[in-house]
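Trainee: just need the structure, nothing else, for what follows:
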Amino acid sequence: MKAKNTISQMRRGILEFCIVSLLADNEIYTAELIDRLKAANLLVTDGTLYPLLSRLQKSDILQYRWVESESGPPRKYYSLTDEGREVLAELDLSWLEINGSVEKIRRENKSE
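Mentor: Coordinates of the predicted model:
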């Protein structure tokens, strides 16, 4: 498939926005975050997700805390920082603009 590389880059580019969006209202542990991304057809590998989470944490967008688990090792729960909430608001506005622009182009192209 010739579009495979473009599709992969689009998914990778939107992953940060999706992660921050998932954390908008509550904290989530890593395995659940992976499950929710996969459920949304955003195929994520550990090699992609963990460096991104680390970068977002170092950028003060995410924070985490360890929570003891009754059924295994402690879990790392991620949540947004105040700065992360500001970033999410900016990303939401940008997404609306970008999505609107793309849809406008697609509609105009179909009407020709």
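Trainee: what sits against Ile7?
Mentor: Contacts for Ile7 (C-beta atoms under 8 Å, 6 or more residues apart in numbering) come out as none. To be clear about C-beta, it is placed using only N, CA and C from the backbone, and glycine gets the same treatment.
Trainee: assumed it was part of a strand.
Mentor: No: going by DSSP: H, G, I helix; E, B strand; the rest coil, the assignment for Ile7 is helix, not a strand.
Trainee: gap between it and Ile14?
Mentor: Per C-beta to C-beta, to the nearest Å, Ile7 is found 11 Å from Ile14.
Trainee: tell me the buried residues in the lowest-mean-pLDDT helix or strand in the chain?
Mentor: Of all helical and strand segments in the chain, the minimum by mean pLDDT, DSSP states H and E falls on helix 4-22, at a mean of 88. For helix 4-22, the neighbour count (16 or more other C-beta atoms under 10 Å) marks Arg11, Leu15, Glu16, Cys18, Ile19, Val20, Leu22 as buried.
Trainee: looking at those residues, which one is closest to Leu53?
Mentor: Leu53 has its nearest neighbour among these in Ile19, at 7.4 Å by C-beta to C-beta.
Trainee: Leu52 is in contact with the closest one, correct?
Mentor: Yes: in this structure, Ile19 is within contact of Leu52 by C-beta atoms under 8 Å, at 6.9 Å.
Trainee: what's the closest non-adjacent residue to Asp60?
Mentor: Distances taken as C-beta to C-beta, 6 or more residues apart in numbering place Glu83 nearest to Asp60, at 5.0 Å, with adjacent residues excluded.
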